[in-house]
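*Asks:* Show me how the following folds:
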Amino acid sequence: MKLSRLRAPFLYCLLGLVASLPAQSGKPNILLFLSDDLTYHDIGCYGNEDVRTPTIDQMAEDGLRFEYCFNSAPMCAPTRMSLYTGIHPVRNGAHPNHSRVYDHIQSVPHYLEPLGYRVGLMGKRHEAPKENFPFEFLGGQHGDRGGGIDLDMTLLDTFIRETGDQPWCMVVASNQAHTPWTRGDPTVYDAESLTLLPYLIDTPITRENLTRYYAEITYMDNQVKQCLEYLDTHGKSDNTLVIYLSEQGSNFPHCKWTCYDTGLRSAAVVRWPGMVKPGRETEAMIQYIDVLPTFIEAAGGNPLDFDFDGKSFLRVLKGETDSHHEYSFGVQTSKGIYSGPEPDGYGIRTVRDKRYRFVWNLNWDQKFSNTVTARMEAYHSWKAKGEQGDAFAMERFEHYQSRPEYELYDLQADPYELENLADKPEYQKIQERLKAQVVVWMKQQSDQGKLTEFDALSRKGVHDTKPSTSSP
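*Replies:* Take a look at the predicted model:
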């Protein structure tokens, strides 16, 4: 039957439109890019007008940017192991840094390989023991002090080409922007013209450190660009779910090692042609523990079959909802970190809703310490400025080491958590509500608070492999 002259152009146009749509048949490939020690607001699409991150900014235009994404702990190893397992750090056993999960804990390869996926990782490794994280390791190194090739991005090119039509999941774990800030070109940033956020004290050393930190961020952004180019080269862009995460905060004071937003909040940008509508932003609150369940559901599995702390946010990606969690939780275990507080460590627990953050410093009666207090020049320049009469600089220097038991912040009025409201009577009901949420969460996690902190070193050895069943 011949098409009428009126119907034919319409049908030919429709057929052409269908042919041009991204192919979504079969299982999607998954590319997870994880940067290292990067505060969420130090990316262009999160409001930083100084830093140069054109690739991630374009990803946000092409996909979805999460306003409220949070990791479980403001340190590298606990963050990554909660991300890969879908379980918060105390319950999976890896709450100290450089620690290990319990023997029964499984991770990304255990869940995606049965669904037909080839699962690889390239770059930084900071998870243990190896048998619990059986990624196909392509190469890379833990840490980067400059010189030579840090991460050979052509490894991804080879992986995609060799995998062919089999669905795959690849974690690209960059070492940037972790100290010592040796990559990129800091001369493209003018120290004097940089905008410093209120929690940073303006000194020449702080500004110089920012130029090197921003240079590493730009270097990392180019790594993301290379990943996306390889997807284009192999025709995989249209059927690949790409998620960029910034990990915990930078090494500047008030960020990494703390349970403030600048330590726990993460940049999260997702691009998935044909599934994620371009140019979207969402206020749905997600955590790193939600990423693995989301991958499982996207791959055709059922995450409800497993005992995760997180839950899939696939419906958020599809634009079916803009809500997910009401609260996000975080934990900091400082016992055993480099230059850390002794003898009892400095344990912190926190909860945040859309407006308020409550922080519970378990070992508040002793000083916090780490590599920043031991040897970061920028931090000690704050003290010098304070000794010259700048009261705010001295307050920020001292607060990093000495904090009250309870802290409460109104993130709407005070986004960088500089005014503690915990002692104000008009906020007591809010504080009680949030503390009650922390207590319930700790019970669910078998978290005994100070006792868990005191026993943290046992999780860094090989002898303690059974989870505690005691009440907190």
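
*Asks:* What is the burial count for the residue lying closest to residue 256 once chain neighbours are set aside?
*Replies:* Counting by C-beta to C-beta, 6 or more residues apart in numbering, residue 249 is the residue found nearest to residue 256 once chain neighbours are left out, at 4.7 Å. For the C-beta atoms, the positions are set from N, CA and C on the backbone; glycine is no exception. Look at residue 249: counted by other C-beta atoms under 10 Å, it has 27 neighbours.

*Asks:* Kindly report the same for residue 39.
*Replies:* Residues near residue 39, counting by other C-beta under 10 Å, number 28.

*Asks:* try residue 193
*Replies:* Using other C-beta under 10 Å, the number of residues around residue 193 comes to 8.

*Asks:* Give me the distance between it and residue 209.
*Replies:* Distance check for residue 193 against residue 209: by C-beta to C-beta, to the nearest Å, it reads 15 Å.

*Asks:* do residue 172 as well
*Replies:* Between residue 172 and residue 209 the computed distance is 26 Å (C-beta to C-beta).

*Asks:* repeat for residue 446
*Replies:* For residue 446 relative to residue 209 (C-beta to C-beta), the value is 39 Å.

*Asks:* Tell me which of those two has more neighbours.
*Replies:* Using other C-beta under 10 Å, the more surrounded residue of residue 446 and residue 209 is residue 209, with 24 against 15.

*Asks:* Next up, the contacts around that one.
*Replies:* Counting by C-beta atoms under 8 Å, 6 or more residues apart in numbering, residue 209 touches 181, 252, 377, 378.

*Asks:* Quick check, pLDDT for it.
*Replies:* pLDDT recorded at residue 209 is 98.

*Asks:* separation between it and residue 285?
*Replies:* As judged by C-beta to C-beta, residue 209 and residue 285 stand 31 Å apart.

*Asks:* Next: residue 341.
*Replies:* Distance, residue 341 to residue 285, by C-beta to C-beta: 30 Å.

*Asks:* who has more neighbours, the two?
*Replies:* Remark: of residue 341 and residue 285, residue 285 carries more neighbours, 22 against 19, as counted by other C-beta under 10 Å.

*Asks:* Residue 311 contacts residue 296, doesn't it?
*Replies:* No. Judged on C-beta atoms under 8 Å, residue 311 makes no contact with residue 296 at a distance of 10.7 Å.

*Asks:* Now for those two: what residues contact both?
*Replies:* residue 303.

*Asks:* how many neighbours does residue 371 have?
*Replies:* The number of residues packed around residue 371, counting by other C-beta under 10 Å, is 16.

*Asks:* Contact partners for it?
*Replies:* For residue 371, the contacting residues are 251, 337, 338, 339, by C-beta under 8 Å, 6+ apart.

*Asks:* Show the pLDDT at it.
*Replies:* Per-residue pLDDT puts residue 371 at 95.

*Asks:* Would you map the helices across the stretch 101-250 of the chain?
*Replies:* In the stretch 101-250 of the chain, the helices defined using DSSP state H, counting those that start in this stretch lie at 108-112, 154-163, 204-233.

*Asks:* Please spell out which residues along the longest one are buried.
*Replies:* Buried residues in helix 204-233, counting neighbours by 16 or more other C-beta atoms under 10 Å, are found at 205-225, 227-228, 230-231.

*Asks:* ok, now the second one?
*Replies:* Residues of helix 154-163 classed as buried: 155, 156, 157, 159, 160, 163 (neighbour count, 16+ other C-beta under 10 Å).

*Asks:* Tell me where the stretch 151-300 of the chain has strands.
*Replies:* All strands of the stretch 151-300 of the chain, identified by DSSP state E, counting those that start in this stretch, fall at 168-173, 240-245, 265-271, 280-287.

*Asks:* CSV please, covering those strands and showing distance to residue 186.
*Replies:* Formatted as CSV, the strands of the stretch 151-300 of the chain follow (distance: least, C-beta to C-beta, whole Å):
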stretch, distance to residue 186
strand 168-173, 23
strand 240-245, 23
strand 265-271, 21
strand 280-287, 31
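
*Asks:* Can you give me the distance of the residue lying closest to residue 221 once chain neighbours are set aside to residue 59?
*Replies:* Of all residues not flanking residue 221 in the chain, residue 53 sits nearest, at 4.4 Å (C-beta to C-beta, 6+ apart). Distance, residue 53 to residue 59, using C-beta to C-beta: 9 Å.

*Asks:* what sits in contact with each of those two?
*Replies:* Residues touching both residue 53 and residue 59 by C-beta under 8 Å, 6+ apart: residue 45.

*Asks:* what about residue 291, how many neighbours?
*Replies:* Using other C-beta under 10 Å, the number of residues around residue 291 comes to 24.

*Asks:* re earlier: need the strands of the stretch 151-300 of the chain in a markdown table (columns: mean pLDDT and distance to residue 391).
*Replies:* A markdown table is the format used below for the strands of the stretch 151-300 of the chain (pLDDT from 0 to 100; distance: least, C-beta to C-beta, whole Å):
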| stretch | mean pLDDT | distance to residue 391 |
| --- | --- | --- |
| strand 168-173 | 98 | 41 |
| strand 240-245 | 98 | 37 |
| strand 265-271 | 98 | 28 |
| strand 280-287 | 98 | 36 |
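
*Asks:* Please name whichever of those strands is nearest to residue 423.
*Replies:* For those, the distance to residue 423 is smallest for strand 265-271, at 24.7 Å, taking C-beta to C-beta.

*Asks:* which residues sit against the closest one?
*Replies:* Contact with strand 265-271 is made by 38, 40, 43, 45-46, 56, 59-60, 62-66, 68-71, 241-249, 276, 286, 288, 317, as judged by C-beta under 8 Å, 6+ apart.

*Asks:* partners of that strand in the sheet?
*Replies:* strand 64-70 (antiparallel), strand 240-245 (antiparallel) (DSSP bridges).

*Asks:* Now render these as CSV, adding mean neighbour count and distance to residue 450.
*Replies:* Shown next, in CSV, are those (neighbours: other C-beta atoms under 10 Å; distance: least, C-beta to C-beta, whole Å):
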stretch, mean neighbour count, distance to residue 450
strand 64-70, 23, 24
strand 240-245, 24, 31
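
*Asks:* Those into JSON lines, with extra columns for distance to residue 322?
*Replies:* Output for the strands paired with strand 265-271, formatted as JSON lines (distance: least, C-beta to C-beta, whole Å):
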{"stretch": "strand 64-70", "distance to residue 322": "10"}
{"stretch": "strand 240-245", "distance to residue 322": "18"}
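
*Asks:* can you tell which of these is closest to residue 439?
*Replies:* Proximity to residue 439, assessed across these by C-beta to C-beta, is greatest for strand 64-70 (19.1 Å).

*Asks:* any idea of the angle that closest one forms with strand 280-287?
*Replies:* If you take axes from the mean of the first three to the mean of the last three C-alpha atoms, to 10 degrees, strand 64-70 sits at 20 degrees to strand 280-287.

*Asks:* Touching the next helix or strand after strand 64-70 from outside, list them.
*Replies:* Using DSSP states H and E, the helix or strand that follows strand 64-70 in sequence is helix 76-85. Here helix 76-85 makes contact (C-beta under 8 Å, 6+ apart) with 34, 36-37, 71-73, 88-89, 92, 94-99, 101, 105-108, 126-128, 133, 171, 173, 178, 245, 247-248, 288-289, 291-292, 331, 333.
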